[in-house]
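Q: have a look; sequence and predicted model below, questions after that.
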Amino acid sequence: MTKSFQILLVEDNEGDMILTMEALEGLNHEHIISRVKDGEQAIHYLKKEGLFENAVMPDLILLDINLPRLDGKEVLAFIKQSNLFKKVPVIILSTSNSERDIEECYQQGANCYVVKPSDLDGYVRIIHAIESFWLSVANLPENLNR
């Protein structure tokens, strides 16, 4: 039986959200993708609060940093300071190539920082590379407190 991977996509841009989901479809692994549109929702999802009381612990988090309410850096800090969530790999997907943003995200414990390509083919290649590495090559903890 193949394992299905739980991915939490934290993205406020509807176009990028759809593109990411489409790029993940039909790849090597079965994916179950949960989507939230802002930093507050991401934290509620992880804490299983409100509308997210039945949320499943993700195997991987794809996190934009430019989000409404709480920005991605604040969400990243919450995740990496929590004993419950800090083992979950967090991949920053951002349009920002600011050295300051990159430095801050790695300082907060990001596992990877990727600048979103501006072209469709480049974006799909990046998503495929993330999927290939994190779900095929990297060994992730078996039990992330499910």
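A: Perfect, I can see it now. Nothing here was measured: the structure is a model prediction, and the numbers come from that model.

Q: which residue is nearest the centroid of the protein?
A: Nearest residue to the geometric centre of the chain (Cα atoms, centre = their mean): Leu62, 1.4 Å.

Q: beta-bridge partners for it, please?
A: Per DSSP bridges, the residues bridged to Leu62 are Leu9, Ile91.

Q: try Val36
A: Under the criterion used (DSSP bridges), Val36 bridges to Val10.

Q: for it, what are its contacts?
A: Listed by Cβ atoms under 8 Å, 6 or more residues apart in numbering, the contact set of Val36 reads Leu8, Leu9, Val10, Ala42, His44, Tyr45. In short, each C-beta sits where N, CA and C put it, glycine included.

Q: can you list the low-confidence ranges for the protein?
A: By pLDDT under 70, the low-scoring segments of the chain are 1-3, 26-29, 143-146.

Q: picking that back up, grab the two from the contacts of Val36 that are most spread out in space.
A: Pairwise distances across the contacts of Val36 (Cβ to Cβ) peak at 14.9 Å, for the pair Leu9 and His44.

Q: which stretches of the chain form helices?
A: 14-24, 39-47, 72-80, 99-107, 120-132 (DSSP state H).

Q: how big is the angle separating the last one from helix 14-24?
A: What that stands for is helix 120-132. Here the directions of helix 120-132 and helix 14-24 differ by 60 degrees (axes from the mean of the first three to the mean of the last three Cα atoms, to 10 degrees).

Q: hmm, who's touching helix 120-132?
A: Contacts of helix 120-132 (Cβ under 8 Å, 6+ apart): 16, 19-20, 23-24, 27-29, 31, 62, 91, 93, 112, 114, 116-117.

Q: of these, which is the most crowded?
A: Ranked by the number of neighbours (other Cβ atoms under 10 Å), these place Leu62 first, at 26 neighbours.
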